[in-house]
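Q: Quick one, structure for this:
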Amino acid sequence: QLVESGGGMVQPGGSLRLSCAASGFTFSMNDMSWVRQAPGKGPEWVSTITTGGGSTYYTDSVKGRFTISRDNAKNALHLQMNSLKPEDTALYYCARGNRDIVMIRRDYWGQGTQVTVSS
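A: The predicted model follows:
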């Protein structure tokens, strides 16, 4: 089970920190990702972190603004989002697996947390 939190409404240029609490599987043995879906659009992969946290990957539009991290001791995944833009508005999902897996396995996602960037 994956449960996201930390979403909300923020002005352009603001920051939010998303968190995901994982249970029911061996968190430390899974790459983890964030996926987002904007209204009227398909899912978009955002970021992936490898099992130990040693490697991270980002879609081009968030590079330099978002930072993915994990705490394997607490079975927690995070996404620090800075310099937010209106186009970042979406439902953000925590997902189990790397990019290839999460874009196929919708059942590996949480329920999502809404991020709205608006003035």
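
Q: Using the three-state scheme, assign the one residue sitting closest to the centre of the chain.
A: The structure's the chain has its C-alpha centroid closest to residue 34; by Cα atoms, centre = their mean the separation is 2.7 Å. Look at residue 34: counting by DSSP: H, G, I helix; E, B strand; the rest coil, its state is strand.

Q: And residue 80, how far from residue 107?
A: 27 Å (Cβ to Cβ, to the nearest Å). Yep, even glycine has a C-beta here, placed from its N, CA and C like the rest.

Q: How about residue 55?
A: In terms of Cβ to Cβ, residue 55 sits 25 Å off from residue 107.

Q: what do you get for residue 36?
A: For residue 36, the distance to residue 107 - Cβ to Cβ - is 17 Å.

Q: Kindly list the single helix or strand of the chain that scores lowest on mean pLDDT.
A: helix 99-102 (a mean of 94; mean pLDDT, DSSP states H and E).

Q: related to what we said a few turns ago, so which of residue 55 and residue 107 has more stuff around it?
A: residue 55 (10 against 7; other Cβ atoms under 10 Å).

Q: dump the residue contacts of the residue found closest to that one once you drop the neighbours it is linked to in the chain.
A: In this structure, residue 55 finds its nearest non-sequential neighbour in residue 49, 7.2 Å apart by Cβ to Cβ, 6 or more residues apart in numbering. Residues near residue 49 by Cβ atoms under 8 Å, 6 or more residues apart in numbering: 31-33, 55-57, 68-70, 77.
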